[in-house]
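Undergrad: Sequence and predicted structure, then a few things I'm wondering about:
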Amino acid sequence: MPFTVNALAEQLGQMDIFQSIPAPVLLHLAGKIRLEQFDTGALVFLKEQPGRALYLILDGAARVHDGDYTLTHMHTGHCFGEMALLDEGPRSMSVSATAPSTLARIDRDVFFDVLGDYPDIMQRIVSLLTRRLRFQTDKTLEELRRREEKLSQLVEERTAELMRQMAEAEHLREKAELEKQEAERQRRRAEQSERAEQQFLANMSHEIRTPMNAVMGMTNLLLQKKPREDQLLYLHSIRQSSEALLVILNDILDISKIQAGKLELENTGLEVAAILEQVRTTLQFRAEEKGLTLTVECDTAIPPLLTGDPVRLQQVLLNLAGNAVKFTDKGVVMLIARQTGLTRTHSRLHFEVRDTGIGMTPEQLAVVFESFRQASSETTRKYGGTGLGLSISKQLVELLGGSLAAKSSPGKGSAFWFDFDLEIRTENPLKKETPLQDAAAVLRNKRILVVEDNPFNRIVAVETLELLLPGVTIQTAEHGLEALRLVQESRFDVILMDISMPVMDGLEATQAIRALPPPYNAIPIIAFTASVTKKEVRRCLGHGMNACIPKPFKDAELLRTLLAVIEPNDTLQLPEEPPPGPEPPAAEPENPIQPLVFLEQLTGGNILRIRKYLGLYLQSTTAALPRIEAALETNDPEELRRAVHTLKPQFRFLGLETMAELAQEIETQLLEKATPATLSTPVRQLIGAIRRSVASYENYLQA
Amino acid sequence: MADQKKKIFIVDDDNMFCTMLSDHLEEQGNFDVVVFGTGEECLERLSDQPDAIILDYYLDANVPGAKNGLEILHIIHKTSPDLKVIMLSAQEHYGVALQTIAGGAVSYVIKDLKSFQEIDAILTES
């Protein structure tokens, strides 16, 4: 609405800021004021623009804001832009209309021109400005605080979200870790059971071979003692059965070794012609018995000496040719070796076994290489066998670097063949061995020490040697320590040494003998062991042994090994007076102190530690003796077992083997429900032995 | 790392054997050995997180009613399935050996002249 100058002057006069300004001055001012109209939302001026005027709201409303937040709301009668009167610099805020408004604009020059002589108004302007600035500052601070709060809230929210995500990630990681651990656990479990299985097989090998050795050895001994006709028949049956059992055992051990990846191939000199000849010799008799012709065809172009594993190659050929003989009733079995390629370093060989036997159907042929499979269950009944032979042969051929193939037609026969390369050896062919018939002559009058803890095997070894080598002198020892003493007392040309023995095993005994002064340390030693793995052989040789023969041993192998280690015409020369060696152990029964071999070895000869352990032995026996006696008194088997149990290993560590065995026997009897009353004699024996041992160790410790 | 030693618990009521084994292991310099007379005492200290436990089978020689090694093995295996436990026995008994292996023991060692070497081999294996 239009204002008249008079009406404007009157309105100015009502405003606080113009109090005490005379009316004519206001009228003069009103004449110089410009009126401006603004619609809702229209901008009056913008922050950062230069300010040159003071505004009065004549009608309407406005909002002062700092860009994005409102500092204050203004209404009719208010003024703004005071800063522009003091300083022409850029404005510190923006103003926009919040309703249709009429503003009076008083330019800076006009203001000072008209009102310059009135200090009151200047003072009011300054105080207004101060108030406004303070207000503005408060408002800004408040806004800042608000924003800060909002920000920290935002930060909290974001942090929480992040934590959640991290927790989730952690959870996933933990889950993955758990899964990994579980997989690891399963892997370890599998390894453990594999190890247990291998341990089991190794044990079985040992456990079965040892008694087999006794059975086969004693059967052979009896056969040589002119048995009656009927006894001869039985003995032959025993021999055949045990040989068959040994074949099955070897098959099972072979297949498990192959499957466990434990079978190591040799890399030594290999003569193809000799291997074929060996197979022929082995099967000749069986073939002739069945009226079969067994032919061997060996390509003369094959180099005489190659590098490979003759034992395994022979095993495969013997298996294939053996099967051929087994499944052929008339006609021919052919064993063929041909050279099909030759380079400067290698010869390519083709081996084939053909027969005119019963043959197989395609279905039978398809499964013939699988373990425990035979062409039919009828085959097992009629022909026997484990069904492992072909599976072993196939895997052996693969280890040798070839692959075993077969073709067959029922009623016409079968053929099996394989090809592989072998390296050619340029050195001289293998040294010809002394014929075994001459062995007896060479080995006559030798002195042999047999060290073996198992009494049956000891008898077998001694009697076999006596039969094979008339005139040899044989002495025996039950364990390594006894052997160590004997070699220093008498002269021996060779020692046959078992490996696992009580008191001192074969490896320790060998080391001890090798540590003796010459000439004792040079005696050839042959390991005589149930485990025949390559690792075991290496272990024996590593401990100073000269050779290894497996139990049960074959006569020829025993002779060959004996010949190989004994240098003929170079027997051991002993000096007249034996040099001072370690003193033999005291033999008085009252003094059970055995040489503390084990403790010396364990502690590296540390006397202080040995004394400490003896002290602990005295402690435990002092505690155990009254308990043993009381248990005997009250006939309490459980208490007796508990009291004896701990002592047994202690006896062993001190070399008190007889006492350890006694304790073992008592414990075994108790576990089998014997009562202390029935065990009174061995228990009293043990008590006596413990007392004697305590007395002598006490003396030893005081010395 | 300053402390690379493996922590080994031996649980056996045979004082002489414990001492011999503990001396033998500590002498090698790679092991910290703690010895317990019963399985129950060992269980209380499982939180010390040993690297391996060598556990005797019969543990009741001095404390009648003490849990035997197999029971302790089961408890250990339940709480710390990855812990390596070597079972010891003075008795060579295949059935017991199988039971302990099935119960999660890594090996079954007979207390005899070879046991020290065997334990060395098992401990240095991993």
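TA: On my side now, so go ahead.

Undergrad: Next to chain A in this structure, residues from chain B, please.
TA: B:13-17, B:19-20, B:23-24, B:58, B:60-62, B:64, B:81-82, B:90-91, B:94, B:98, B:101, B:104, B:106-107, B:111-113, B:116 (CB under 8 Å from any CB of the partner chain). To be clear about C-beta, it is placed using only N, CA and C from the backbone, and glycine gets the same treatment.

Undergrad: Would you mind listing which of the residues you listed are buried?
TA: B:13-17, B:19-20, B:23-24, B:58, B:60-62, B:90-91, B:101, B:104, B:106-107, B:111-113, B:116 (16 or more other CB atoms under 10 Å in any protein chain shown).

Undergrad: mind listing the helices for the stretch 551-700 of chain A?
TA: Assigned by DSSP state H, counting those that start in this stretch, the stretch 551-700 of chain A shows helices spanning A:555-565, A:597-603, A:607-634, A:637-645, A:647-653, A:657-671, A:680-702.

Undergrad: Can you give me the buried ones in the second one?
TA: It refers to helix A:597-603. A:597-599, A:602-603.

Undergrad: picking that back up, from the helices of the stretch 551-700 of chain A, which stretch is densest packed?
TA: helix A:647-653 (a mean of 24; mean count of other CB atoms under 10 Å in any protein chain shown).

Undergrad: Output it as CSV, nothing but the C-alphas.
TA: Provided in CSV are the C-alpha atoms of helix A:647-653 (Å, rounded to 0.1, in the frame of the first residue of the first chain):
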residue,chain,number,x,y,z
LEU,A,647,58.4,-101.3,39.8
LYS,A,648,58.5,-103.4,36.5
PRO,A,649,59.8,-100.6,34.2
GLN,A,650,62.2,-99.5,36.9
PHE,A,651,63.7,-103.0,37.0
ARG,A,652,64.2,-102.8,33.3
PHE,A,653,65.9,-99.5,33.3
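
Undergrad: Now stretch A:262-279: buried residues?
TA: So, applying 16+ other CB under 10 Å, buried residues of stretch A:262-279: A:263, A:269-272, A:274-276, A:279.

Undergrad: got the end-to-end distance for that stretch?
TA: End-to-end span of stretch A:262-279 (CA to CA, to the nearest Å): 26 Å.

Undergrad: same question, stretch A:17-25
TA: Per CA to CA, the first residue of stretch A:17-25 is 14 Å away from its last.

Undergrad: and that stretch, which residues are buried?
TA: A:17-18, A:21, A:25.

Undergrad: and those residues, which of them are in strands?
TA: Judged by DSSP state E, strands contain none of the buried residues of stretch A:17-25.

Undergrad: How far off centre is stretch A:306-320?
TA: Put simply, stretch A:306-320 sits 33 Å off its chain's centre (CA atoms, centre = their mean, to the nearest Å).

Undergrad: Name the residues that touch it?
TA: By CB atoms under 8 Å, 6 or more residues apart in numbering or on different chains, the residues outside stretch A:306-320 that reach it are A:265-272, A:274-276, A:278-279, A:282-283, A:335, A:347, A:351, A:353, A:389-390, A:392-393, A:396-397, A:399-400, A:404, A:416, A:418, A:422-425.

Undergrad: Comparing the helices of the stretch 551-700 of chain A by mean pLDDT, which bottoms out?
TA: Least confidently modelled of the helices of the stretch 551-700 of chain A is helix A:555-565, at a mean of 78 by mean pLDDT.

Undergrad: So, low pLDDT: which residues of chain B?
TA: Residue ranges of chain B with pLDDT under 70: B:1-3, B:92-94, B:126.

Undergrad: where's residue B:8, which helix or strand?
TA: Remark: residue B:8 resides in strand B:6-11, with elements defined by DSSP states H and E.

Undergrad: returning to what we had before: please tabulate the buried residues of stretch A:17-25 in TSV, including the columns distance to chain B and pLDDT.
TA: Listed next are these as TSV, based on distance: CB to the nearest CB, whole Å; pLDDT from 0 to 100:
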residue	distance to chain B	pLDDT
A:17	81	83
A:18	86	86
A:21	89	86
A:25	92	89
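
Undergrad: Now intersect those residues with the helices, please.
TA: Mapping those onto helices (DSSP state H) picks out residue A:25.

Undergrad: now the nearest residue to residue A:361 once chain neighbours are set aside: how far from residue B:91?
TA: Once flanking residues are discounted, residue A:361 sits nearest to residue A:410: 5.4 Å by CB to CB, 6 or more residues apart in numbering or on different chains. Per CB to CB, to the nearest Å, residue A:410 is found 57 Å from residue B:91.
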